[in-house]
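Engineer: Structure of the sequence below:
(one chain, ligands or ions: 1)
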Amino acid sequence: MVTETGKPKVLMIGFDALDYELFGKLSTSDLKLLPLFAPIPVTGPSWTSMYTGDSATVHGVWNVFGLEYRKRYASNDTVQLLLWRLHNLWRVITRHQPQERYATYATTKSTYVWDTMGDEGISFKIVNMPITGPVRQINGTHVGGFPLITRKPWYYPQSVGSQIPDDYKQMIEMIQWIAEPEYHSDKVWKNSLGDIGFEMVMERTEADAHRLIDLFLALPGANVEMLQFSFVDRIAHVFDMSGEVAVRCYKLVDELIAKISDAVQAGSVMIVSDHGAQGKGHTDRGCLALKGELADAIRIPQGYTPSVLDIAPTLAGFMGSSHPCQGNDLTVEGNYEAASLNAEQQEEKEQLMQHLKDIGYL
Ligand SMILES: [Zn+2]
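Structural biologist: Numbering: from 1, shown residues only. A predicted model of the protein is given here:
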């Protein structure tokens, strides 16, 4: 299907932590399913790799929620700030980029696929994609995703503000039923959701997901339309992604995909996730599930596993554009280099994973 601008229309639906194995087992959809390798299976770095096509070392977003390491050194704010400044001073001395206090967008020369493609006249509708705040001007409409910090710009253009429900940040994200992301503690939201119980959480999640779809469909259309849901990840962390919990979650995933696809009628549908989740832990196998023209256009060499770095260049390639980055354009037949980590990245990954284990996130 071609839009008024003569460009194909792509619908991308993201699910945080949609797991390759579980989706393959539990989904009844007719999508072409591939594993999507996440070199760093953590929300902040992985979604940002998907949008930029670059590794975390290049784009600079390491935190789970895309925030700075706010309490990395001390629980006392003043001590933390002082040590944070020393940390950055050390980075400058050792010829690294200093890290921003708010790293919810790439802190380096990495560019977002909607910026490179937008410059070529391809329009975007981006709703609730994680780690995209503060929201900036794009060619199209952008309503931010988790962690939604409403005192920063979080939607563009101004004119869409009147369409967004007052409880948008709770509607998109169950953590924000309970806590502000800036002051959140893993224990607080996990315990609170546990107390609410799976049935009630699922009931509200379903209602919120359908309201989010209504908002998404009401906003102006674009060449590339993106929408994300975070419940699979959050439910995994609290209730364990296995057995009946997994069956219920993946059934909802199927229903949402069908509902949005039917309404948007895009020529291509692309389901993506930043990593997988089984039990209470993350896996490095997310999903790339495709339907339509894009499914036919991709050429993956034998033995190659697509990675989150390949999404931005593939989207650009498919739309007749290009996005310079580390990832591979999977619409071009080639001998792709597998996404692997260099020594510095490996070290940063190990530190990050250890930190997440220490705070009880993984
Ligand atoms: Zn995630």
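Engineer: Ramachandran angles for residue 288?
Structural biologist: With angles defined as degrees, to the nearest 10, residue 288 sits at phi -130, psi 110.
Engineer: mind listing what it touches?
Structural biologist: Taking Cβ atoms under 8 Å, 6 or more residues apart in numbering as the contact definition, residue 288 lies against 33, 34, 35, 36, 270, 271, 272, 306, 311. In this view, the C-beta of every residue, glycine as well, is placed from N, C-alpha and C.
Engineer: which residues pair with it across the strands?
Structural biologist: Note on residue 288: beta-bridge partners by DSSP bridges are residue 34, residue 272.
Engineer: do you know how far it is from the ion?
Structural biologist: 15 Å (Cβ to the ion, to the nearest Å).
Engineer: Contact residues of the protein facing the ion?
Structural biologist: 16, 43, 233, 274 (Cβ under 5 Å from the ion).
Engineer: farthest-separated two in the residues you listed?
Structural biologist: Maximum pairwise distance among the residues of the chain next to the ion (Cβ to Cβ): 8.4 Å, between 233 and 274.
Engineer: now stretch 148-160, how far from the centre of its chain.
Structural biologist: 18 Å (Cα atoms, centre = their mean, to the nearest Å).
Engineer: Identify the residues contacting it?
Structural biologist: 102, 104, 133-138, 141-144, 161, 164, 168-169, 172-173, 176, 181-182, 219-220.
Engineer: re the thing from before, wait, which of the residues of the chain next to the ion is closest to residue 121?
Structural biologist: residue 274 (28.3 Å).
Engineer: quick one: that closest one and residue 43 touch, right?
Structural biologist: Yes. With contact defined as Cβ atoms under 8 Å, residue 274 reaches residue 43; the gap is 5.7 Å.
Engineer: which residues does residue 165 contact?
Structural biologist: Residue 165 neighbours (Cβ under 8 Å, 6+ apart): 171, 211, 215.
Engineer: The last one contacts residue 172, correct?
Structural biologist: Spelled out, that is residue 215. No. Using Cβ under 8 Å, residue 215 is not in contact with residue 172; the gap is 9.4 Å.
Engineer: who has more neighbours, the two?
Structural biologist: residue 172 (27 against 19; other Cβ atoms under 10 Å).
Engineer: next one: phi and psi at that one?
Structural biologist: phi -90, psi -10.
Engineer: Could you do residue 267 as well?
Structural biologist: phi -70, psi -30.
Engineer: Counting neighbours, what do you get for it?
Structural biologist: Neighbour tally, residue 267, other Cβ under 10 Å: 15.
Engineer: same question, residue 153
Structural biologist: There are 15 residues near residue 153, going by other Cβ under 10 Å.
Engineer: Much appreciated, bye for now.
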